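Engineer: Just to be clear, the model below is a prediction. Sequence and coordinates:
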Amino acid sequence: MDDAGRYRLTLTLDGRWVMDGWWWREDTAISQFTGIVGKHGRPGARIILVDTGTGAELHKWPDEV
């Protein structure tokens with residue numbers, strides 16, 4: 001973990017990195033995750049939210065992957 005934040009969101013499209021987001025507050029990170037899914041969720045997209053403090057994957061889209 002660095003100064004960027006504890007919660008990291010990663011978006012890939014068709015296996016290519018598109019964006020990362022970092023937040024210190026879990027509620028903010030979850031809100032951002034929901035917005036990114038709404039904006040970029042489509043076939044070929046993969047969105048993951050990880051707590052870098054624990055290494056736990058908190059949310060992923062799509063769920064079945």
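Structural biologist: Alright, I've got the coordinates. Numbers count the residues shown, from 1 in each chain.
Engineer: The host helix or strand of Asp27: which residues count as buried?
Structural biologist: Using DSSP states H and E, Asp27 sits within helix 26-40. By 16 or more other Cβ atoms under 10 Å, the buried positions in helix 26-40 come out as Ala29, Ile30, Gln32, Phe33, Ile36, Val37, His40. From N, CA and C alone the C-beta is placed, and that goes for glycine too.
Engineer: Report all helices and strands that that helix contacts.
Structural biologist: strand 7-13, strand 16-23, strand 45-51, strand 56-61 (3 or more Cβ pairs under 8 Å, 6 or more residues apart in numbering; DSSP states H and E).
Engineer: ok, 6 Å please
Structural biologist: The helices and strands touching helix 26-40, judged by 3 or more Cβ pairs under 6 Å, 6 or more residues apart in numbering; DSSP states H and E, are strand 7-13, strand 45-51.
Engineer: what are the pairing partners of the last one, and which direction each?
Structural biologist: What it means is strand 45-51. strand 7-13 (antiparallel), strand 56-61 (antiparallel) (DSSP bridges).
Engineer: Contacts only, for Thr12.
Structural biologist: Counting by Cβ atoms under 6 Å, 6 or more residues apart in numbering, Thr12 touches Arg46.
Engineer: Tell me how far it lies from Thr54.
Structural biologist: 22 Å (Cβ to Cβ, to the nearest Å).
Engineer: Low-confidence bits of the protein, can you list those?
Structural biologist: 1-2, 65 (pLDDT under 70).
Engineer: go again using 50 as the cut-off
Structural biologist: Scanning the chain for pLDDT under 50 picks out 1.
Engineer: so what's the residue nearest the centre of the chain closest to, chain neighbours aside?
Structural biologist: The structure's the chain has its C-alpha centroid closest to Leu9; by Cα atoms, centre = their mean the separation is 2.4 Å. Distance criterion Cβ to Cβ, 6 or more residues apart in numbering; nearest residue to Leu9, sequence neighbours excluded, is Gly21 at 4.2 Å.
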